[in-house]
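**Q** Need the 3D shape of this:
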Amino acid sequence: MSDSRPNVRLGRPDLGERELAEVAEVLESGMLTMGPKVDEFERLIAGICEVEHALAVTSGTAALHLAVLACRLEPGDEVVVPAYTFPATANVVALSGLKPVLVDVDAETMNIDPAKIEVGPRTRLILGVHLFGRPLRLHELPDGVPLLEDAAGALGARYRGRACGGLGIAGCLSFHPRKIVTTGEGGAVTTNDDAFADLVRQLRNHGWRSLVPPDMPIPALNYRLSDILCAVGIPQARRLDELHARFSALAAGYGERLAHLPVLLPRADDGDVHGWQAYVIQLDDRDRILQELRTRGIEAQIGTYALPLLGAYRDQGEFPGARRVFERALALPFHARLTEGELDRVSETLEAVLHP
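**A** Below you'll find the predicted structure:
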C-alpha cells in the first residue's frame, strides 16, 4: 500500500543562511583553498574532540587512510578491524599494504567484541569503530595495542566523560551529509601527538614539509579540504551542542514510540553519550520490513555492511555476530528537521508492517 504524502527523508543536512553567509565570505575573498576557513574549522573540531590538532581532509575515508599511513607500520603488519562496519575501515588498511584482521561484533552493541580480539605477533593496531555514534568499550580492549578511532559517526559522543576522537593515538571523523556536522564531503584526523599531526599535514599535501624553501621528504597525496567546504561546516560546528540536543531528543522520541514493539533500540552504555549519527534498530524480517517502509514513503535503509559477506573479505571465516546484525539492522529517518508528525508516521508505519 503506497502513501500519497511526501516521503519521510532518511537524512537531510540542517543548512541555511549561516552557511550561505560563510560560503559567500569565501567567494568574495577569492581564497578558495588553503585559507583561513580551514584553520577556523580545524580549531572548532579540535575543541569539540578536546585535542590539540584537527587536520581537515577530503573525506572520512581520507582521514582513515592518512591516519593509518601516519602510524608507520610495516608491510604485512596486522590491524584489527570490526567485521561489521562500512568497508572503508578495512579498505584503507588493505590499500596501505597491511593486513586487516576481522573480529566479530557484539550482536547488541554492533561494536567490536573485545573478547574476540586475539593479539598475535604481528598485531600492531586496533582500528575501533564507534558505530553509528555509540562509543565502543575501550576498557575491555587488550592492553598494549594502540587504538586508532574510526569516529566517523561519533562527533559529540563521549566515553566515560571523554570526547570520542580524542581517546586513541588519533581519531578519524567524517562530515558526510548524514553526519551531525557536514561539509558535503570531508573528514578530519584528530590527535594530541604533535609529530603525528605534522606527518598527517605532509601526507595530505603531496608530502610537502615546506614550500619555501621547497622540502618534500616523502611522496604523498592531495587530500586537502577546500575553504568553501570548511565554510559550510563552521556554523554547524559552532552549534554542535544544539544539534546534538536535537538528535538526542529525536532518539528519545523514537524510543518512546517504539518501546512496545519487538525491536532492539539503540543506546549508549551507562555513563557514555551517544553521538546519534544514525538511529539504527534491530528486528527480524528486516528485508521485508525495509521494502514495506519504502513502499509507504519511509526512506529507511540497512545499517551498514558485514565485511565477510563482501568478496574482498570472504577469506577470514564465519562471523555470526556480524551476519546477524547485518540481517537485522534498520536505519530509520533521522535528521534535525524531522518533525513530531514524521516521527509519528514512521513509528505507526513500522508498527503496521510489523503486524500486517
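**Q** now Glu40: how far from Tyr159?
**A** Distance, Glu40 to Tyr159, using C-beta to C-beta, to the nearest Å: 27 Å. No exception for glycine: its C-beta is placed from N, CA and C like everyone else's.
**Q** neighbour count winner among the two?
**A** More crowded of Glu40 and Tyr159, by other C-beta atoms under 10 Å: Tyr159, with 23 against 18.
**Q** So what sits opposite the more buried one in the bridge?
**A** Beta-bridge pairing for Tyr159 (DSSP bridges): Arg162.
**Q** ok, it touching Gly168?
**A** No. Tyr159 is beyond contact range of Gly168, at 10.6 Å (criterion: C-beta atoms under 8 Å).
**Q** Quick check: neighbours shared by those two?
**A** Overlap between the contact sets of Tyr159 and Gly168, as judged by C-beta atoms under 8 Å, 6 or more residues apart in numbering, is nil.
**Q** Output the contacting helices and strands for the helix or strand hosting Gly321.
**A** Using DSSP states H and E, Gly321 sits in helix 320-328. Judged by 3 or more C-beta pairs under 8 Å, 6 or more residues apart in numbering; DSSP states H and E, helix 320-328 is in contact with helix 286-295.
**Q** The very next helix or strand once past the helix it packs on pairs with which strands, parallel or anti?
**A** Per DSSP H and E, the first helix or strand lying C-terminal to helix 286-295 is strand 301-302. With DSSP bridges as the test, strand 301-302 is paired with strand 329-332 (antiparallel).
**Q** Which residues outside whichever helix or strand comes after the strand it pairs with are in contact with it?
**A** Next helix or strand after strand 329-332 toward the C-terminus (DSSP H and E): helix 340-354. Applying C-beta under 8 Å, 6+ apart, the external contacts of helix 340-354 come out as 3, 5, 8, 250, 253-254, 257-258, 261-263, 283, 288-289, 292-293, 296, 298, 332-333.
**Q** Now helix 340-354 - C-alpha only, CSV.
**A** The C-alpha coordinates for helix 340-354 follow below in CSV (Å, rounded to 0.1, in the frame of the first residue of the first chain):
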residue,chain,number,x,y,z
GLU,A,340,7.0,15.2,15.5
GLY,A,341,4.4,14.3,12.9
GLU,A,342,7.0,12.5,10.9
LEU,A,343,8.2,10.6,14.0
ASP,A,344,4.6,9.5,14.5
ARG,A,345,4.2,8.5,10.9
VAL,A,346,7.5,6.4,10.9
SER,A,347,6.6,4.7,14.1
GLU,A,348,3.0,4.0,13.2
THR,A,349,4.0,2.7,9.8
LEU,A,350,6.7,0.5,11.3
GLU,A,351,4.1,-1.0,13.8
ALA,A,352,1.7,-1.6,10.9
VAL,A,353,4.2,-3.5,8.8
LEU,A,354,5.5,-5.5,11.8
